[in-house]
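Trainee: mind folding the following:
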Amino acid sequence: MTDTALKPHLSHAHVAEQLGRMIRIRAFEQACAQAYTQEKIRGFLHLYDGEEAIAVGVIPLLEARDRVVATYREHGHALARGLSMNAVMAEMFGKAAGCSGGRGGSMHLFDRAANFYGGNAIVGGGLPVAVGLALADHMRGEDNVTACFFGEGAVAEGEFHESLNLAALWDLPVLFVCENNHYAMGTALERSESETDIHGKAEAYRIVSEAVDGMDVVAVEAAARRAIAAIRETGKPYFLECRTYRFRAHSMFDAQLYRDKAEVEAWKSKDPITRFRDWALSANLIHADDVARLEAEAAAEVQAAVAFAEAAPLEPVENLMKHICASERPPAPLPVALTAPAQETTYREAARQAIRDAMLRDDRMFLMGEDVGKYGGCYAVSKGLLDEFGPDRIRDTPLSEAGFTGAGLGAAMAGMRPIVELMTVNFSLLALDQILNTAATIRHMSGNQFGCPLVIRMATGAGRQLAAQHSHSLEGWYAHIPGLRILAPATVEDARGMLWTALQEPDPVLIFEHVMLYNRTGPLSPDAGAVDIDRAAIRRPGKDVSLITYGGSLWKTLEAAEALAGEGIDAEVLDLRVLRPLDDAAILASVRKCRRAVIVDEGWRSGSLAAEIGMRIVEQGFFDLDAPLARVCSEEVPIPYARHLEDAALPQSDRIAAVARSMLGRA
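Mentor: Just a heads-up that it's a prediction; the model follows:
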């Protein structure tokens, strides 16, 4: 590409266009500030005044097929991308006609048609998503660009470093745009960073990087042209640090006590709109009547947008529960006639078969996680898959759970079907931001414009003498979160079939594989298919007491039921299998039949999933009970290393049987 093609063409038309775009954004923000003081806009409101040159200098250069990931100060990005001002203003007012259906508000503007992947209220939270979007393009051989905007405060976050490392490591087409306005909320950059040269941080990851005057729209546009051209040519990331300043407070709640007024005024003298306007006037590239016309047009558009937003209806309260998950899902799998004889198979091998089958059926599927490739997975589930499918689809990652989990959900939003393996459940806490704040919420916040068909697998539970930090059972925590589907397969059939089904889901699914099950064997037919992930399963029918459990505790519960049978107690064992949404109908049917229930849960007793199940039984089936409910949970202690102490801390078959006997007066 010639140097001429990389330079802004400062014709009368282009100058007027760029000036008009900045004036339009400034007018919109001023109207939002006024509406906020009138309490028509609520919550946090982060205005873009002073930073308009960045959105205007970068975003119009992108093609329609390119993607934009913004941050919480994204009104300017949305307008520069071409979102309807009416729709953006209506979103600010929380109206159904808003670009996110009134569910996102100021910090969460989305528009699928514009490839605008929204703002993110979590500082740095959009960076891994952008990496995932670019990863999808990279894997499909498409030369799209994903532009990711964030403030300088994000450079202190681990997700910043994880994302830059992944983008550089995998040669991903991301344009990172840091809007360095010198203050992360109220903390100045020099008080939060030992190294304040942000573009130098990107260079440390071997990413081509440059710093640019973010108050100069011509300089920003010239740099953006170079960056986008380089990304399209090389497929590699590029980093722009745009040094700018926000004229208003961090948010409308902010009293700005941390900034000197003289400093603010000094930066206002560099106002990108005034600066560009005055230069263009002096160069005779525009005229005073052009400026007056642009200001009048912006004022009229803003006035119309406010009127539209004020008149727009609110979404009916009856729609409150819409868009938590997809309204349409694949039908439940039908039972299939098994023609091949069952073979004794390990749980580990069943999970491997599910991954392999999925990747053979659909080239959008890929596995990503720590040591899933050459190592074969911490629990050897992916052993041999690298040789069969190659490093692009069996993708080893750095130790960066937030980064690669976010990349997985970004790739899923872009149409891929990733399986993310988090080595152990405690490591998932390092990715909790991406799971809780994005994967679980994106469909709702975007008004159903974006889904996240992502499957996350992780090992859970105790019993291998791994001590406190590697022996958690946290699936009950995740079952608390709307927008997720939580599975706990306990049999070889479920280990294979539930993953198969989960990979067809339009929403994120978390699969918890208990560490004590990987070596367990069971019969599995080679032609066994998908398994229903909506229903619990009765593993042992009975009539005297219902033993309700899931995951690794299933087999201990079955042992307890057999011991009770020898004493004349006929216990039913219900395997929940699906922890969110719980199969209330199956739970209540078992309780109704047995009239007594013991809930077995390896999670800690306080705030446990067992407590939730017990409360649902009380709410919906209290009069079916002939005895108080009981539960067997882990003791309230970090799981110890010593075998005898670990055993004492966990639910065991003898404890389960003892509680059931006591309930029946047989203690």
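Trainee: what about stretch 336-356, how long is it end to end?
Mentor: Start and end residues of stretch 336-356 are separated by 20 Å (Cα to Cα, to the nearest Å).
Trainee: nope, stretch 430-442 is what I was after
Mentor: Using Cα to Cα, the two ends of stretch 430-442 sit 19 Å apart.
Trainee: next: stretch 337-354.
Mentor: 19 Å.
Trainee: what do you get for stretch 193-209?
Mentor: 19 Å.
Trainee: contacts for it?
Mentor: Stretch 193-209 has contacts (Cβ atoms under 8 Å, 6 or more residues apart in numbering) with 152, 155-156, 161, 164-165, 167-168, 176, 178, 180, 189-190, 210-211, 227, 230, 236-241. Where C-beta positions appear, they are placed from N, C-alpha and C, glycine not excepted.
Trainee: please repeat the previous calculation with a cut-off of 6 Å.
Mentor: Contacts of stretch 193-209 with the rest of the structure, by Cβ atoms under 6 Å, 6 or more residues apart in numbering, involve 152, 155, 164-165, 168, 178, 180, 189-190, 211, 237-239, 241.
Trainee: please enumerate the helices of the stretch 501-650 of the chain.
Mentor: For the stretch 501-650 of the chain, the helices defined by DSSP state H, counting those that start in this stretch occupy 553-565, 584-594, 609-621, 643-649.
Trainee: distance to Gln34, mean pLDDT and mean neighbour count added to these, as TSV?
Mentor: Formatted as TSV, these follow (distance: least, Cβ to Cβ, whole Å; pLDDT from 0 to 100; neighbours: other Cβ atoms under 10 Å):
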stretch	distance to Gln34	mean pLDDT	mean neighbour count
helix 553-565	58	97	22
helix 584-594	49	98	18
helix 609-621	46	97	18
helix 643-649	59	94	14
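Trainee: Pro541: which of these is closest?
Mentor: helix 584-594 (8.8 Å; Cβ to Cβ).
Trainee: returning to what we had before: including distance to Met416, could the helices of the stretch 501-650 of the chain go into TSV?
Mentor: Shown next, in TSV, are these (distance: least, Cβ to Cβ, whole Å):
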stretch	distance to Met416
helix 553-565	33
helix 584-594	34
helix 609-621	31
helix 643-649	40
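Trainee: check the gap between Glu39 and Gly94 for me.
Mentor: 12 Å (Cβ to Cβ, to the nearest Å).
Trainee: neighbour-wise, which of these two wins?
Mentor: Legend: neighbour count by other Cβ atoms under 10 Å for Glu39 and Gly94, higher for Gly94 (22 against 7).
Trainee: which ones are touching that one?
Mentor: Gly102.
Trainee: so which strand or helix has it?
Mentor: Under the criterion DSSP states H and E, no helix or strand holds Gly94.
Trainee: and the pLDDT for it?
Mentor: Looking at Gly94, its pLDDT stands at 96.
Trainee: could you do Thr4 as well?
Mentor: 58.
Trainee: repeat that for Ala528.
Mentor: Value listed for Ala528 in the pLDDT field: 85.
Trainee: what is the neighbour count of it?
Mentor: 20.
Trainee: do the one 10 residues further on as well
Mentor: With neighbours defined by other Cβ under 10 Å, the count for Ile538 comes to 15.
Trainee: how far away is the closest residue to it other than its chain neighbours from Ala407?
Mentor: Closest residue in space to Ile538, ignoring its immediate chain neighbours: Leu574 at 5.8 Å, by Cβ to Cβ, 6 or more residues apart in numbering. When distance is defined by Cβ to Cβ, Leu574 is 37 Å away from Ala407.
Trainee: same question, Thr345
Mentor: For Thr345, the distance to Ala407 - Cβ to Cβ - is 32 Å.
Trainee: which parts of whatever helix or strand Glu221 lives in are buried?
Mentor: Secondary structure assigned from DSSP H and E places Glu221 in helix 217-234. Residues 217-231 are the ones in helix 217-234 that count as buried (16 or more other Cβ atoms under 10 Å).
Trainee: from the residues you listed, pick the one nearest Gly568.
Mentor: Ile231 (73.1 Å).
Trainee: starting at the chain centroid, how far to stretch 247-256?
Mentor: Mean-position distance between stretch 247-256 and its chain equals 28 Å (Cα atoms, centre = their mean, to the nearest Å).
Trainee: export it to CSV, keeping only CA atoms.
Mentor: Coordinates of each C-alpha in stretch 247-256 appear next as CSV, following Å, rounded to 0.1, in the frame of the first residue of the first chain:
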residue,chain,number,x,y,z
PHE,A,247,-13.0,17.1,30.3
ARG,A,248,-15.8,15.9,32.6
ALA,A,249,-15.6,13.8,35.7
HIS,A,250,-15.0,10.1,35.7
SER,A,251,-18.8,9.7,36.0
MET,A,252,-21.6,12.1,36.9
PHE,A,253,-21.3,11.0,40.5
ASP,A,254,-17.7,12.2,40.7
ALA,A,255,-16.9,15.5,42.5
GLN,A,256,-13.5,15.7,40.8
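Trainee: what's it in contact with?
Mentor: Applying Cβ under 6 Å, 6+ apart, the contact partners of stretch 247-256 are 36, 44-47, 49-50, 185, 268.
Trainee: out of the residues you listed, which two sit at the greatest distance?
Mentor: Phe44 and Lys268 (23.2 Å).
Trainee: more crowded one of those two?
Mentor: Neighbour count, other Cβ under 10 Å: between Phe44 and Lys268, Phe44 has more, with 17 against 13.
Trainee: so what's Ser634 bridging to?
Mentor: Trp604 (DSSP bridges).
Trainee: burial check on it, number of neighbours?
Mentor: 21.
Trainee: before we move on, what about His199?
Mentor: Neighbours of His199 (other Cβ under 10 Å): 20.
Trainee: for Leu629, same thing?
Mentor: Leu629 has 20 neighbours, counted by other Cβ under 10 Å.
Trainee: excluding sequence neighbours, find me the nearest residue to it.
Mentor: Gly614 (4.8 Å).
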